[in-house]
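**Student:** Predicted model follows, preceded by the sequence.
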Amino acid sequence: MQAFRKAEDYGFRPEASGIENADALQRALDAGGTITVSCPGTYKLARTVYIGSFTSLLFGNGVFVRKVDEQGPFSHVLLNKGALTKTYDEHIVVENLHMEINGMDCRTFVDVFGLHGQLAFYYVRDLHIEGFRCMDLGRMQYGIHICNFEDLIIRDVIIKGDKDGVHLGRGRRFHISGGVFETYDDAVALNAHDYDVGNPELGWIEDGVVENCHDLPRANGESVGFFCRILAGAWRDWEAGMEVQKSDTVVSNGRLYRVKADPDGRRFVSHTQPVHVKGTQELDGIQWAMIQEDVVYTAGVRNVTFRNIHLHKPRIPFSIHFDNGRFSRSYYPGASVPAQEQLAFDNIRVLYDERKPMLSINTPVDVLTVSNSSFRNNPIHIHGNQAMQDYGKTHILLNGCTFHHPGTLELIENEVEAKKIYFKSVGSLAVNDAFEARLTAGPGEIVADSDLRLADA
């Protein structure tokens with residue numbers, strides 16, 4: 001195999017049409033090896049191109065790839081070949097891709113239902129993305145979307161626009177670093193569970209680091225979402241007479257099936273068991289999509305560290321999350337309880353004064369460690385989602401944190417019935433002499449061992 005190939009030798013040129021460039025770049029990628037695009041300019045692209053194993057795609061400075069509508073709308077600029085057959089691709093590198101969406105923001109789901117990143121990968125191992133830039137992200141597609149992965153590195157990215165910057169589904173061993181995000185929706189989404197259209201598969205996201213990132217405010221101040229959404233879920237075996245809604249999941253005949261429906265709040269009663277081996281089938285008026293063949297009953301995030309995060313944007317930075325609404329309910333009644341595990345937050349810098357919870361928690365979680373971080377008016381808010389009765393015990397450790405609030409801070413606010421919280425703080429520094437922390441147990445209980453001056457609850 002030739003070590004290096006120039007994409008221009010295959011006809012990939014700034015002056016070519018989007019169709020011609022798509023054909024040319026695909027020929028280069030099919031040849032494999034290391035593909036370089038070195039001539040500065042804006043390269044039109046009119047359809048998705050596909051990259052396979054042991055292939056590197058390297059863009060030079062001054063190179064931009066612009067989506068254009070020459071033969072109809074398309075979702076992904078780049079997608080791995082194995083996504084089409086659920087076959088793992090390995091050792092893929094994409095460097096310095098500067099992408100212009102140019103209004104081509106759509107979810108066609110032609111290739112994989114539930115996958116809608118501009119840069120997308122599904123079934124991939126040993127993936128390295130570096131130097132990615134996208135400044136005009138729309139409201140329909142994520143910047144980078146990856147599901148079912150192992151050994152992922154995303155480094156030095158700048159993503160601005162309306163939808164999620166980096167959106168991950170199930171996978172293990174990942175490192176996201178050097179990110180600058182200015183997004184209306186989530187900067188980073190760790191969505192182990194998701195809407196039926198949000199990820200193609202469900203399962204645990206584990207063993208990762210998110211570090212050296214900035215969450216910037218948008219010029220118009222508008223925002224939904226979080227710096228990071230940490231989303232869990234659980235479901236049950238199918239049984240006759242069960243009631244389901246949009247995005248509900250069941251285990252049946254050794255596979256996972258999900259309900260495809262409009263987000264209108266409608267409930268359906270399932271009498272006929274889904275057993276089809278692929279695609280979507282309507283049974284009892286329910287559209288059942290077969291999504292995966294390896295059976296899991298819970299999904300969540302565990303063993304993940306967030307480090308050196310600079311929070312310029314006044315919104316909840318971290319939401320440890322269940323959905324429970326017309327788009328999705330993460331927890332099906334009676335399912336096994338998914339406890340998100342071992343989440344650590346180190347050197348988190350809050351750089352705004354608005355009152356926003358630093359951590360908003362409505363799932364079970366075993367241990368939260370916050371170290372070397374700065375709090376302003378940022379409580380830890382623990383609340384339910386009306387989906388389950390037992391949210392388990394949570395241990396919270398604050399180690400070496402600085403508190404800037406000039407007065408009483410509602411440091412922990414609990415709204416969950418019978419919730420037991422073990423709270424410990426050591427090495428704390430209060431900048432203002434009037435500072436004190438209030439721990440509000442609400443209908444639960446807080447057992448505290450703290451070096452902070454505590455106000456009466």
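**Tutor:** Thanks, I have it. Just so it is clear, the structure is predicted and the values come from calculations on it, not from any experiment. Residues are numbered from 1 along each chain as shown.
**Student:** A344 contacts S371, correct?
**Tutor:** Yes: if you go by Cβ atoms under 8 Å, A344 and S371 touch, sitting 7.4 Å apart. Any C-beta I mention is one placed from the backbone N, CA and C, and that applies to glycine too.
**Student:** neighbours around A261, how many?
**Tutor:** Neighbours of A261 under the rule other Cβ atoms under 10 Å: 20.
**Student:** How about the one 4 residues further on?
**Tutor:** For G265, the tally of surrounding residues (other Cβ under 10 Å) stands at 11.
**Student:** contacting residues for E410?
**Tutor:** If you count contacts by Cβ atoms under 8 Å, 6 or more residues apart in numbering, E410 has them with P379, R438, T440.
**Student:** May I ask which of these has the most neighbours?
**Tutor:** So for the contacts of E410 (other Cβ under 10 Å), the most neighbours sit at P379, 22 neighbours.
**Student:** ok, and the closest non-adjacent residue to that residue?
**Tutor:** E410 (4.6 Å; Cβ to Cβ, 6 or more residues apart in numbering).
**Student:** Please spell out the segments of the stretch 1-150 of the chain that come in under the pLDDT threshold.
**Tutor:** 1-2 (pLDDT under 70).
**Student:** Where do the helices of it begin and end?
**Tutor:** Under the criterion DSSP state H, counting those that start in this stretch, helices of the stretch 1-150 of the chain are mapped to 18-31.
**Student:** For it, which segments count as strands?
**Tutor:** In the stretch 1-150 of the chain, the strands defined using DSSP state E, counting those that start in this stretch lie at 4-6, 33-37, 41-45, 49-51, 55-59, 63-67, 78-80, 89-95, 98-100, 117-130, 133-137, 142-161.
**Student:** would you turn those strands into a markdown table with distance to S336 and mean neighbour count?
**Tutor:** Converted to a markdown table, the strands of the stretch 1-150 of the chain look like this (distance: least, Cβ to Cβ, whole Å; neighbours: other Cβ atoms under 10 Å):
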| stretch | distance to S336 | mean neighbour count |
| --- | --- | --- |
| strand 4-6 | 50 | 14 |
| strand 33-37 | 46 | 19 |
| strand 41-45 | 45 | 20 |
| strand 49-51 | 38 | 22 |
| strand 55-59 | 40 | 21 |
| strand 63-67 | 42 | 20 |
| strand 78-80 | 32 | 23 |
| strand 89-95 | 32 | 19 |
| strand 98-100 | 40 | 20 |
| strand 117-130 | 26 | 22 |
| strand 133-137 | 36 | 18 |
| strand 142-161 | 22 | 22 |
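**Student:** how about those strands, which one is nearest S17?
**Tutor:** strand 41-45 (6.3 Å; Cβ to Cβ).
**Student:** Counting by contacts, list what the closest one packs against.
**Tutor:** In terms of contacts (3 or more Cβ pairs under 8 Å, 6 or more residues apart in numbering; DSSP states H and E), strand 41-45 is packed against helix 18-31, strand 63-67.
**Student:** just how off-centre is the shortest one within its chain?
**Tutor:** When you say that, I think you mean strand 63-67. 25 Å (Cα atoms, centre = their mean, to the nearest Å).
**Student:** what comes into contact with stretch 214-224?
**Tutor:** With Cβ under 8 Å, 6+ apart as the test, stretch 214-224 has contacts from 179-185, 187, 227, 309-315, 317.
**Student:** measure that stretch end to end?
**Tutor:** Using Cα to Cα, to the nearest Å, one end of stretch 214-224 lies 17 Å from the other.
**Student:** Kindly report the same for stretch 49-60.
**Tutor:** Start-to-end, stretch 49-60 (Cα to Cα) is 18 Å.
**Student:** So what pairs up with the spatially most central residue of the chain in the strands?
**Tutor:** The C-alpha lying nearest the average C-alpha coordinate of the chain belongs to A189 (Cα atoms, centre = their mean; 1.9 Å). Here A189 sits in beta bridges with H167, R229, going by DSSP bridges.
**Student:** is it true that it touches I176?
**Tutor:** No: assessed by Cβ under 8 Å, A189 is found out of contact with I176, at 11.1 Å.
**Student:** Overlap in contacts, the two.
**Tutor:** V166.
**Student:** re the thing from before, pLDDT score assigned to the residue nearest to P379?
**Tutor:** In this model, E410 is scored at 95, pLDDT.
**Student:** same question, L152
**Tutor:** With respect to pLDDT, L152 has a value of 98.
**Student:** quick one, strands of the stretch 201-350 of the chain?
**Tutor:** With DSSP E, counting those that start in this stretch as the criterion, the stretch 201-350 of the chain has strands spanning 205-215, 228-231, 233-234, 236-237, 242-244, 249-252, 255-260, 268-270, 280-283, 286-292, 298-299, 301-311, 318-321, 341-350.
**Student:** Could the C-alpha coordinates of the last one be exported in CSV?
**Tutor:** Which is strand 341-350. Only the C-alpha atoms of strand 341-350 are listed here, as CSV (Å, rounded to 0.1, in the frame of the first residue of the first chain):
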residue,chain,number,x,y,z
GLU,A,341,-20.6,5.4,39.1
GLN,A,342,-17.4,7.1,40.1
LEU,A,343,-17.7,10.5,38.5
ALA,A,344,-14.9,13.0,39.3
PHE,A,345,-14.7,16.7,38.7
ASP,A,346,-11.2,18.4,39.1
ASN,A,347,-10.4,22.1,38.7
ILE,A,348,-13.8,23.2,37.5
ARG,A,349,-13.8,27.0,37.2
VAL,A,350,-17.1,28.8,37.4
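**Student:** For it, the averaged confidence score.
**Tutor:** 97.
**Student:** What lies in contact with that strand?
**Tutor:** Against strand 341-350 from outside (Cβ under 8 Å, 6+ apart): 230, 300-311, 317-318, 320, 358-359, 365-376, 378.
**Student:** Which among those residues count as buried?
**Tutor:** For the contacts of strand 341-350, a neighbour count by 16 or more other Cβ atoms under 10 Å gives the buried set as 230, 300-304, 306-311, 317-318, 320, 358-359, 365, 367-376, 378.
**Student:** wouldn't R329 be in contact with M388 here?
**Tutor:** No: the criterion here is Cβ under 8 Å, and R329 misses it with M388 at 10.7 Å.
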